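Chemist: structure, please.
(2 chains)
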2 protein chains.
Amino acid sequence: MYEGVVQDLIDELGRLPGVGPKSAQRIAFHILQAESTDVRRLARALTEVKEKVRFCAECGNVAQEERCRVCLDPRRDLSVICVVEEPKDVVAIERTREFRGRYHVLGGAISPIDGVGPGDLRIRELLARLSDGAVTELILATDPNLEGEATATYLARMVGSLGLRVTRLASGLPVGGDLEYADEVTLGRAFEGRRLLDV
Amino acid sequence: MYEGVVQDLIDELGRLPGVGPKSAQRIAFHILQAESTDVRRLARALTEVKEKVRFCAECGNVAQEERCRVCLDPRRDLSVICVVEEPKDVVAIERTREFRGRYHVLGGAISPIDGVGPGDLRIRELLARLSDGAVTELILATDPNLEGEATATYLARMVGSLGLRVTRLASGLPVGGDLEYADEVTLGRAFEGRRLLDV
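Modeler: All right, here's what the predicted structure looks like:
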């Protein structure tokens, strides 16, 4: 339908997550009319990320050095490790400024449907980090869905004999949300996890 | 928040139309995990479109040669020109397979708010194409909004003395839509433009 190179670009853009055919077309026409220097900068950002980004040898987070920024930071608490599925979860938690420990990025969650078993995740690396006894708390912050719960349960059992404090992030109503719009599972969890108010 | 090159990519992606911060982050992490060859292909598609695409010397449509595919096609009807705002409108109309004439791409619509006047559009080029008398019908297919209507009215007046048949695409209810969801202006236009059924 389009001239060859325009169609090529639309096809390539359409492979990105969350970019449908209409958005791909819209972005392609934006590119057509954009400044060449801006387009070259985007193209370079794409290839640089592949060339320069690697994964932290310690925790598996995204890194530009051998270790990531969190692992390199001497002010972080070495006694707590927060286990997450993906590097973007690290960013989400960092944004809260609630957590001062370090992370361990599993690289996914156990999902038999997708053929992901415990051996495909960075669990051996996690056990190695726990072996010297410096870590006293393990926070399991995998996603609050089926795969994330299964992974958390699996990990809790794996580390059961190490005498660690193993915790899981609270499930409940999203802050700022409407109770009536909460799904029944979330609402059920919010009841289960209800806290006593100091009055 | 992110390692430098990842944040650079998120920033660049966030400048694309319809890509918010969340999508930019999602696409960036997809890129991080994608095959290097796929990412290089996307980067190349972006720069190639800027290097190879130009605009048809005849109609202003997107082209890889001096003239676009429509203008180069000897089977197209030379007596009809369909005037559109943007190259993507050409694609939308081509998809209907209803139109066998040629196009004229204005490069936008008259919009005083955006500082776009008639002099910023390819109107002089349109008048030049009409000067030899070969064209007998001009279809004004600018968008059915304020700017598109203003542009169509302006063009209709400009070519008024040339003795052409000047038409405008019909406005009305979208096919497959629900009458109750139509806005009042569209519904009003559908009444105005009602057709007599042959029964």
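Chemist: show me the domain layout of chain A.
Modeler: A:5-52, A:55-168 (the TED database).
Chemist: which secondary structure element of chain A has the lowest mean pLDDT?
Modeler: Lowest on mean pLDDT, DSSP states H and E among the helices and strands of chain A sits helix A:184-192, with a mean of 81.
Chemist: point out the other helices and strands that that helix packs with.
Modeler: Secondary-structure packing of helix A:184-192 (3 or more Cβ pairs under 8 Å, 6 or more residues apart in numbering or on different chains; DSSP states H and E): no helix or strand packs against it. Yep, even glycine has a C-beta here, placed from its N, CA and C like the rest.
Chemist: please compute how far it lies from its chain's middle.
Modeler: When distances are taken as Cα atoms, centre = their mean, to the nearest Å, helix A:184-192 is centred 24 Å away from the chain's centroid.
Chemist: do the same with stretch A:108-123
Modeler: 15 Å.
Chemist: how about it and chain B, any contact?
Modeler: No. For stretch A:108-123, no contact with chain B is found by Cβ under 8 Å from any Cβ of the partner chain; the gap never falls below 10.3 Å.
Chemist: show residues contacting that stretch.
Modeler: A:60, A:85-86, A:104-107, A:142-143, A:147-148, A:150-151, A:154-155, A:158 (Cβ atoms under 8 Å, 6 or more residues apart in numbering or on different chains).
Chemist: can you dump the C-alpha coordinates of that stretch into PDB?
Modeler: What follows is stretch A:108-123, C-alpha atoms only, in PDB (Å, rounded to 0.1, in the frame of the first residue of the first chain):
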ATOM      1  CA  GLY A 108      10.700 -13.500  34.900                       C
ATOM      2  CA  ALA A 109       8.300 -15.700  36.900                       C
ATOM      3  CA  ILE A 110       7.600 -19.400  37.000                       C
ATOM      4  CA  SER A 111       5.000 -20.100  34.200                       C
ATOM      5  CA  PRO A 112       4.400 -23.600  33.000                       C
ATOM      6  CA  ILE A 113       2.200 -22.300  30.200                       C
ATOM      7  CA  ASP A 114       5.000 -20.200  28.800                       C
ATOM      8  CA  GLY A 115       7.500 -23.000  29.500                       C
ATOM      9  CA  VAL A 116       9.300 -21.000  32.200                       C
ATOM     10  CA  GLY A 117      10.500 -23.200  35.000                       C
ATOM     11  CA  PRO A 118      12.600 -22.400  38.100                       C
ATOM     12  CA  GLY A 119      15.800 -23.300  36.200                       C
ATOM     13  CA  ASP A 120      15.100 -20.500  33.700                       C
ATOM     14  CA  LEU A 121      15.200 -17.800  36.500                       C
ATOM     15  CA  ARG A 122      18.200 -16.400  38.400                       C
ATOM     16  CA  ILE A 123      17.400 -18.500  41.500                       C
END
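Chemist: quick one: mean pLDDT over that stretch.
Modeler: Confidence for stretch A:108-123, expressed as mean pLDDT, is 94.
Chemist: for the nearest residue to A:Arg168 once chain neighbours are set aside, which residues make a bridge with it?
Modeler: Once flanking residues are discounted, A:Arg168 sits nearest to A:Leu140: 4.8 Å by Cβ to Cβ, 6 or more residues apart in numbering or on different chains. Beta bridges link A:Leu140 to A:Val83, A:Arg168, judged by DSSP bridges.
Chemist: and A:Leu140, how far from chain B?
Modeler: Separation of A:Leu140 from chain B (Cβ to the nearest Cβ, to the nearest Å): 21 Å.
Chemist: quick one, what contacts that residue?
Modeler: A:Val83, A:Thr151, A:Ala152, A:Leu155, A:Ala156, A:Val166, A:Thr167, A:Arg168, A:Leu169.
Chemist: could you check the pLDDT of the closest residue to the last one other than its chain neighbours?
Modeler: In other words, A:Leu169. Closest residue to A:Leu169 apart from its sequence neighbours, by Cβ to Cβ, 6+ apart: A:Ala141 at 5.1 Å. With respect to pLDDT, A:Ala141 has a value of 91.
Chemist: got the phi and psi for A:Ala141?
Modeler: Main-chain torsions, A:Ala141, degrees, to the nearest 10: phi -110, psi 40.
Chemist: kindly report the same for A:Arg102.
Modeler: The phi/psi pair for A:Arg102 (degrees, to the nearest 10) is phi -110, psi 170.
Chemist: quick check, it in contact with A:Cys59.
Modeler: Yes. Applying Cβ atoms under 8 Å as the test, A:Arg102 and A:Cys59 come out as touching, 6.2 Å apart.
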